[in-house]
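Enquirer: here is a sequence together with a model predicted from it:
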Amino acid sequence: MAAPDENSPDTSTAPVPRPPSVDRLARAIADVNLPHPLLVDAARTAVASGDPETAEQRARDIAAEQARSLLTGVVNATGVLLHTNMGRSPWTDLPEDASDRYSSLELDLDSGERGSRQDRAPRLLARVCGAEAAMVVNNCAAAVLLTLSALAHGKGVVVSRGELVEIGGGFRIPEVMAQSGAHLIEVGTTNRTRLADFETAVQGGDIALALSVHRSNYRITGFTESVAASAMTGLGVPVVADIGSGLVDSACPWLTDGPPPWLEGEPAVRQTLEAGVDLVTFSGDKLLGGPQAGIIAGRADLVAQCAAHPLARALRPGSLIMGSLQQLALAYLARDGLTIPFWRMATVPVDELRQRASAISPDHAADTIAVPGGGTLPGVEIPSAGLVVQGDHVTELRTGTPPVIARVHDGSTVIDLRTVHPDDDDVIRTAVDRLT
């Protein structure tokens, strides 16, 4: 066995570096904008994971990654107006006096007694829709679930096979119906359903409702036939139309120039009810342009049955949603579409978008195509304009501050200004300058 080299260091007795203090590490990264307990968590993870000499940088990286993972504002430059991953419609307004005060959510100010949260915003929404009554729940899936549970538990609900839809997140009409306790009665075929199919089902069983489901996120073309909700009104049972997207009036009286061409054929709540349909369910955060919510509107007696069902309490929204919907309904009643961010963005003239794009970066200005998104108006394209930068830069844009969410088309990065607020044009300018 060779003798040890007397010139080599004796590593057997070299001191092992002591782990740094967790508290000291947490204080050293205090400039990361997180509460101290989360900085402590980051420091502990860093200390436990490796070399003490690099622990501070690892702790800082861990904390920064956690801060970045929190809910934050982003610049939607995808051209998708109702982008589900970014909260769909960009509605954030609340009553002006609500910021630091309690809410009269369930307080009757005249009597001083307990009131109902379904008395204010829902009443205004009913007025907007031309409905006898309305109520609000957490989302459109909840609206369908509550309606079926309250009006058809233990009984049959007749639906066309071509309308047994699934939307994002795995929401399927048959599964929701099973949870409600109603019995699904399928009629027709995938591509062709006739009114006679509904009539036969109603005559042959214990049917509580006829359900019409708008195919808002896909289309069936070719050898097809379907039954409009308005055609079902003579079946002898209440008709419920789940129109999903939430266009409240096909005339769009809140827009100076009336409805944009790309809305053609989209069912609207007011006209559906006027055609004799008993209840309509729809989303608050799609074409209505508000926060996530589900609205049930129509006959007062049927809405009252839904409101009295035990599920109504489990599915009810809080004061922030009700306050937002109240402001939104007031904007509709004032016919002031420009105060509704979705409609303001959706109807900006293309020439105005072109001017903004040229002002940001004339070398990259280009015409683009926007879409409604959010499972609404499949296949519809909206002329738009923005910036096109060669190459795929979406990751670089997404990881900036603030994050800019763009898309790639034909090997180039597309920044569509239809979904970008003009106040963020400077953000886009800085981001594009970094790319080029």
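Expert: Now that the structure is in, tell me what you want to look at.

Enquirer: residue 206 and residue 176, how far apart?
Expert: 20 Å (Cβ to Cβ, to the nearest Å). From N, CA and C alone the C-beta is placed, and that goes for glycine too.

Enquirer: with residue 257 instead?
Expert: 38 Å.

Enquirer: residue 146 touches residue 137, doesn't it?
Expert: Yes - between residue 146 and residue 137 a contact is recorded at 5.9 Å, counting by Cβ atoms under 8 Å.

Enquirer: any shared contact partners between those two?
Expert: Taking Cβ atoms under 8 Å, 6 or more residues apart in numbering as the criterion, residue 146 and residue 137 both touch 296, 312, 315.

Enquirer: how about TSV for those, with pLDDT added?
Expert: Formatted as TSV, those follow (pLDDT from 0 to 100):
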residue	pLDDT
296	98
312	96
315	96
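
Enquirer: pick the one among those closest to residue 348.
Expert: residue 296 (32.2 Å; Cβ to Cβ).

Enquirer: that closest one: neighbour count?
Expert: 29 (other Cβ atoms under 10 Å).

Enquirer: for residue 294, which residues are in contact?
Expert: Residue 294 is in contact with 136-144, 281-284, 315, counting by Cβ under 8 Å, 6+ apart.

Enquirer: and the residue nearest in space to the middle of the chain, which of the three is it?
Expert: In the chain, the centroid-proximal residue (Cα atoms, centre = their mean) is residue 88; its distance is 3.5 Å. Put simply, residue 88 is coil when judged by DSSP: H, G, I helix; E, B strand; the rest coil.

Enquirer: quick one: it from residue 81, how far?
Expert: 9 Å.

Enquirer: need the residues touching each of the two.
Expert: Joint contacts of residue 88 and residue 81 (Cβ under 8 Å, 6+ apart) are 373, 374.

Enquirer: go through stretch 36-50 and flag the buried ones.
Expert: Neighbour counts over stretch 36-50 (16 or more other Cβ atoms under 10 Å) mark 38, 39, 40, 41, 42, 43, 45, 46, 47 as buried.

Enquirer: could you do stretch 416-425 as well?
Expert: Quick answer for stretch 416-425 (16+ other Cβ under 10 Å): 416, 417, 418, 419, 420, 424, 425.

Enquirer: which member of those residues is positioned nearest residue 405?
Expert: residue 419 (9.0 Å).

Enquirer: just to check, that closest one is in contact with residue 78?
Expert: Yes - the criterion here is Cβ under 8 Å, and residue 419 meets it with residue 78 at 6.3 Å.

Enquirer: got the contact list for residue 259?
Expert: 250, 251, 252.

Enquirer: same list (those residues) but as TSV, adding neighbour count and pLDDT.
Expert: Shown next, in TSV, are the contacts of residue 259 (neighbours: other Cβ atoms under 10 Å; pLDDT from 0 to 100):
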residue	neighbour count	pLDDT
250	17	96
251	12	97
252	20	97
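
Enquirer: ok, those residues vs residue 158, which is closest?
Expert: Nearest member of those to residue 158, counting by Cβ to Cβ, is residue 250, at 26.3 Å.

Enquirer: now that closest one, nearest residue through space, not along the chain?
Expert: Distance criterion Cβ to Cβ, 6 or more residues apart in numbering; nearest residue to residue 250, sequence neighbours excluded, is residue 268 at 4.0 Å.

Enquirer: any idea how far residue 379 is from residue 249?
Expert: 23 Å.

Enquirer: look up how far residue 373 lies from residue 342.
Expert: 11 Å.

Enquirer: no no, residue 249
Expert: In this view, residue 249 and residue 373 are 21 Å apart by Cβ to Cβ.

Enquirer: could you do residue 381 as well?
Expert: Distance of residue 381 to residue 373, computed by Cβ to Cβ: 11 Å.
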